[in-house]
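Participant: What follows is a predicted structure for the sequence shown.
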Amino acid sequence: MKKNQLTTTQNTNLILGKTKSLMRITKKLLEGKSKELTTHKDITLIGDLMWEKESREMTWYEAMEYAKNLRLGGYDDWRLPTIEELREVVTLCGGINTTYGDDNYDEILDKNIANETYQANYKAKGFASYHYWSSTTNAYTSNYAWFVIFGNGYQRNYYKGHGYDVRCVRAGQISLSQKDNKETSIHQKTFSQFVKKLYDRDEKLGRCFERNVTFEGFEDNKLTWSAEAKGEDKQMLITYWGLINMFVKETFGFETKIVNVNVYKNENMDLLGNKKNDNLTTHKDITLIGDLMWEKESREMNWYEAMEYAKNLRLGGYDDWRLPTIEELGDVVRLCGGELGNEFENIDNEAYQESYKEKGFTSNSYWSSTTHVNYSYAAWPVYFGSGGQLYHRKSGSFYVRCVRAGQ
């Protein structure tokens, strides 16, 4: 029998699963709970989240834009699920989560395929046996994101330009009449999910962030917080700014801008509460690209020299310069109209070619601070001419432009 072919037992379980689902919906209607949600033909409830019922195939970039513009059931705060939320569905359906490199992962895949209850359950919840995109970007390769194959519970990351299935989600069972009153608490919950990502990545970073940054609100793609870190906490937040910014975009949406309310209380502060130079926009050696200050001049050196250079750089009255992360270099490629990993189209894209040069980059490779997760002797550069990323020995000589957080 083929792995994705249903047996009689699986068909029976599928029917039973749908019957039980209908019974649960009927019970909720009788109890007067979530009436709008459970009767809406395009929305279903799985765990604590509302899910779009229909699956659609598209690239990760298209999916992020689709979720941002989705209006469904009277709600406009739809988003892609995180990899953790997709994993929770696998668990909820009775499957076992696994990825390449896990102990006996191939045996786990076979178990999930042979598990008739799991197979029936995820299909009863509207999933196909194929790949589903999450919003979660690979921490080391920004043009890759994580997906789940529901047919066998397998999770891995792949190039964002590839087409996989998509179902959007939103938090909670909230009726239209409750929506305005609950909007702040929803965004607070999303902010808590973002902070949890920081804890999962580095517990010390999570504690530092939570100690120094307070959520204020989210509206019109603007995440507002108050931050005024000092001493070692300040340095840690500066060091991890690229990761923080990436997780913000993953959680709240790619177009999200960060606003520090303390900037309005004290015009001499940046996004993390650091003092800034009043003459930033006119400084001849500094430019602003996205949410970061960038050194204007490009210099050629190996990775070790670049890290030392950034550590000792004093420019524009600041002493907290650093190398950009691979994610931050990737953001520049996208900001210029390029698509990471799509080298041939980027080379032929005249608008992209003009844009990155206007921002002071050459067509050569630029070092990031990001070390390869498996090879400590290698780090990730970005080749702006094509938007390509390929790790290289740190002893190699590439161009460098330092960055710092702030406005």
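Facilitator: The structure has been received and is ready for your questions.
Participant: Could you use CA atoms for every contact and neighbour count after this?
Facilitator: Fine.
Participant: Would you state the strands of the stretch 51-200 of the chain in chain order?
Facilitator: 56-58, 98-99, 131-137, 144-149, 154-159, 164-166, 169-171 (DSSP state E, counting those that start in this stretch).
Participant: Could I get the average pLDDT for the second one?
Facilitator: Confidence for strand 98-99, expressed as mean pLDDT, is 90.
Participant: same deal with the longest one?
Facilitator: In this model, strand 131-137 carries a mean pLDDT of 94.
Participant: so what secondary structure elements neighbour that strand?
Facilitator: Strand 131-137 sits against helix 60-69, helix 83-92, strand 144-149, strand 164-166, helix 241-252, with contacts defined as 3 or more Cα pairs under 8 Å, 6 or more residues apart in numbering; DSSP states H and E.
Participant: Flag every buried residue along the fourth one.
Facilitator: By neighbour count, with 16 or more other Cα atoms under 10 Å as the criterion, the buried positions of strand 164-166 are Tyr164, Asp165, Val166.
Participant: likewise the longest one?
Facilitator: Within helix 241-252, the residues that qualify as buried are Trp241, Gly242, Leu243, Ile244, Asn245, Met246, Phe247, Val248, Lys249, Glu250, Thr251, Phe252, counting by 16+ other Cα under 10 Å.
Participant: same question, stretch 346-353
Facilitator: When neighbours are counted by 16+ other Cα under 10 Å, the buried residues of stretch 346-353 are found to be Asn346, Ile347, Tyr352, Gln353.
Participant: one step back: distance to Ile46 added to the buried residues of helix 241-252, as CSV?
Facilitator: Putting the buried residues of helix 241-252 into CSV (distance: Cα to Cα, whole Å) gives the following:
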residue, distance to Ile46
Trp241, 34
Gly242, 33
Leu243, 30
Ile244, 29
Asn245, 29
Met246, 27
Phe247, 24
Val248, 24
Lys249, 24
Glu250, 21
Thr251, 19
Phe252, 21
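Participant: Out of the residues you listed, which comes closest to His187?
Facilitator: Proximity of those to His187 was ranked by Cα to Cα; the top entry is Phe252 with 8.8 Å.
Participant: hang on, the closest one packs against Ser192?
Facilitator: No - if you go by Cα atoms under 8 Å, Phe252 and Ser192 don't touch, sitting 11.3 Å apart.
Participant: Show me how the protein divides into domains.
Facilitator: The record's domain parsing of the chain by automatic domain parsing lists 8-173, 181-275, 280-407.
Participant: Lowest mean pLDDT across these, which one is that?
Facilitator: domain 181-275 (a mean of 73).
Participant: ok, now which ones touch the most centrally placed residue in the chain?
Facilitator: Centroid check for the chain by Cα atoms, centre = their mean gives Glu250 as the closest residue, at 2.5 Å. By Cα atoms under 8 Å, 6 or more residues apart in numbering, the contact set of Glu250 is Ser135, Thr136, Thr137.
Participant: rerun at 10 Å
Facilitator: Met64, Arg79, Leu80, Pro81, Thr82, Ser134, Ser135, Thr136, Thr137, Phe194, Ile244, Thr256 (Cα atoms under 10 Å, 6 or more residues apart in numbering).
Participant: ok, and the closest non-adjacent residue to Glu343?
Facilitator: Leaving out its chain neighbours, the residue that sits closest to Glu343 by Cα to Cα, 6 or more residues apart in numbering is Ser386, at 4.6 Å.
Participant: what about stretch 286-295, start to end distance?
Facilitator: End-to-end distance of stretch 286-295 (Cα to Cα, to the nearest Å): 5 Å.
Participant: now do stretch 143-157
Facilitator: For stretch 143-157, the end-to-end distance is 10 Å (Cα to Cα).
Participant: One more: stretch 158-171?
Facilitator: 26 Å.
Participant: Same question for stretch 157-168.
Facilitator: Terminal residues of stretch 157-168 are spaced 18 Å apart (Cα to Cα).
Participant: Pull the distance from that stretch to the chain's centre.
Facilitator: 13 Å (Cα atoms, centre = their mean, to the nearest Å).
Participant: Same question for stretch 244-264.
Facilitator: 12 Å.
Participant: Enumerate every residue touching Leu390.
Facilitator: When contacts are counted by Cα under 10 Å, 6+ apart, Leu390 touches Thr141, Gly341, Ser365, Ala378, Ala379, Trp380, Pro381, Val382, Tyr383.
Participant: ok but the second one is inside a helix, no?
Facilitator: By that I understand Gly341. No - Gly341 is assigned coil when assessed by DSSP: H, G, I helix; E, B strand; the rest coil, not a helix.
Participant: For Ser129, grab the count of nearby residues.
Facilitator: 17 (other Cα atoms under 10 Å).
Participant: can you start the count at 46 instead of 1 from here on
Facilitator: In the new count, where the first residue is 46, that last one comes out as Ser174.
Participant: Skipping adjacent residues, who's closest to it in space?
Facilitator: Here the residue nearest Ser174, using Cα to Cα, 6+ apart, is Gly196, at 3.9 Å.
Participant: quick one: the one you found and Ala173 touch, right?
Facilitator: Yes - contact criterion Cα atoms under 10 Å: Gly196 and Ala173 qualify, at 7.4 Å.
Participant: So those two - more neighbours on which side?
Facilitator: Neighbour count, other Cα under 10 Å: between Gly196 and Ala173, Gly196 has more, with 23 against 16.
Participant: Give the phi and psi angles for the more buried one, as a check.
Facilitator: When read as degrees, to the nearest 10, the backbone of Gly196 gives phi -60, psi -30.
Participant: And it, how far from Lys205?
Facilitator: According to Cα to Cα, Gly196 stands 21 Å off from Lys205.
Participant: Now render the contacts of Leu435 as a markdown table, adding distance to Ala165.
Facilitator: A markdown table is the format used below for those (distance: Cα to Cα, whole Å):
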| residue | distance to Ala165 |
| --- | --- |
| Thr186 | 34 |
| Gly386 | 37 |
| Ser410 | 49 |
| Ala423 | 45 |
| Ala424 | 44 |
| Trp425 | 42 |
| Pro426 | 45 |
| Val427 | 44 |
| Tyr428 | 46 |
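Participant: Noted, bye for now.
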